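Asks: Any chance you can model this:
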Amino acid sequence: MNITTFRVEKESLDGMLGEAADGSTQLPNFQRGWVWDDDHVRSLLASISLGYPIGTVMMLRAGGETVRFKQRPLEGAPTPKNREADRLILDGQQRLTSLFQSLRLDRPVLTRDQRGRTMDFPIIREGVHTRGRFYLRPAGVGRCPVRQRQ
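Replies: Next up, the predicted model:
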């Protein structure tokens with residue numbers, strides 16, 4: 001009988017977002033898409049800035065010999081070329097995708113309000129017109145570009 005072991009590992013947020021950026025952490029293709037609205041994203045960022053726990057993330061080591069899942073990057077993350085993920089996100093995808101998009105991407109987050117309407121604010125940045133929403137970076141979160149609230 002093959003016994004599976006579970007471990008709890010404390011990791012930095014910056015490290016997990018970096019792994020999503022380089023493709024070493026991805027999603028199994030059976031996961032639903034990113035669906036969080038603006039209220040969820042703002043609440044998550046507020047919890048981090050206040051030092052509150054934001055829940056756990058469950059990962060599966062990829063590359064099993066008998067079962068392999070098709071993989072895809074987090075929404076907004078670059079598609080890795082010729083790279084298999086080391087880990088797959090089983091739980092926590094909405095939180096990690098929200099954090100990746102709001103803290104790692106150098107562009108507005110395209111999200112929705114509670115009624116499902118697109119948060120579509122006109123933004124002019126460095127002479128370029130775009131639409132979406134920028135979020136403020138919580139204090140203490142390193143290596144993430146500072147965002148300005150609209």
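Asks: Just give me the longest helix of this protein.
Replies: If you go by DSSP state H, the chain has its longest helix at helix 38-49.
Asks: Quick check: mean pLDDT of that one?
Replies: Here helix 38-49 scores 90 as its mean pLDDT.
Asks: Counting neighbours, which bits of that helix end up buried?
Replies: Going by neighbour count (16 or more other Cβ atoms under 10 Å), the buried part of helix 38-49 is Asp38, His40, Val41, Arg42, Leu44, Leu45, Ile48. Just so you know, the C-beta spots here come from the backbone N, C-alpha and C atoms, and that holds for glycine as well.
Asks: which of those residues lies closest to Gly18?
Replies: The closest of the buried residues of helix 38-49 to Gly18 turns out to be Ile48 (Cβ to Cβ; 16.5 Å).
Asks: Settle this for me: that closest one is touching Gly55, isn't it.
Replies: No. In this structure, Ile48 is not within contact of Gly55 by Cβ atoms under 8 Å, at 11.3 Å.
Asks: what's the longest helix of the chain packed up against?
Replies: Identification of packing neighbours for helix 38-49 by 3 or more Cβ pairs under 8 Å, 6 or more residues apart in numbering; DSSP states H and E yields helix 93-99.
Asks: pLDDT score for the residue nearest in space to the middle of the chain?
Replies: Central residue of the chain (Cα atoms, centre = their mean): Thr97, 2.1 Å from the mean position. Reading off the confidence values, Thr97 has pLDDT 95.
Asks: Identify the residues contacting the residue nearest to it when sequence neighbours are not counted.
Replies: Of all residues beyond its chain neighbours, the one nearest Thr97 is Trp34 (4.3 Å), with distances taken as Cβ to Cβ, 6 or more residues apart in numbering. When contacts are counted by Cβ atoms under 8 Å, 6 or more residues apart in numbering, Trp34 touches Leu74, Glu75, Gln93, Gln94, Thr97, Ser98, Gln101.
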